[in-house]
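Student: missing the sequence, but the structure's below:
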């Protein structure tokens, strides 16, 4: 998420030269989020879940998807 926000700020810097930019409050919120100590010190671990580890209310899409072959109407 941090990289996405940093990329958004970089895009905003380019866009602001041409007259369009993020709203000032949104820009301040993104900058504050990037400065937040927990985000600056370490990335959040990304753990992948297998189909067996999914919560009860989550269904695996691959288990319920039809054949991958395209069919004509």
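Tutor: Now that the structure is in, tell me what you want to look at. Because the structure is a prediction, the values reported are computed rather than measured.
Student: switch to C-alpha atoms for all contacts and neighbour counts from now on
Tutor: Will do.
Student: so residue 19, which of the three states?
Tutor: Here residue 19 is recorded as coil under DSSP: H, G, I helix; E, B strand; the rest coil.
Student: what about it, how many residues close to it?
Tutor: Number of residues near residue 19 (other Cα atoms under 10 Å) recorded here: 7.
Student: Quick one, grab the pLDDT at it.
Tutor: On the pLDDT scale, residue 19 is placed at 84.
Student: Could you tell me the phi and psi values at it?
Tutor: Per-residue torsions, residue 19: phi 100, psi 0 (degrees, to the nearest 10).
Student: Equivalent analysis for residue 29, please.
Tutor: Main-chain torsions, residue 29, degrees, to the nearest 10: phi -70, psi -40.
Student: what about it, distance to residue 56?
Tutor: 35 Å (Cα to Cα, to the nearest Å).
Student: So for the two, which residue has more residues nearby?
Tutor: residue 29 (11 against 7).
Student: Who are the packing partners of the longest helix that the chain contains?
Tutor: Across the chain, the longest stretch assigned as helix under DSSP state H is helix 2-16. Applying 3 or more Cα pairs under 8 Å, 6 or more residues apart in numbering; DSSP states H and E, we find helix 2-16 packed against helix 24-35.
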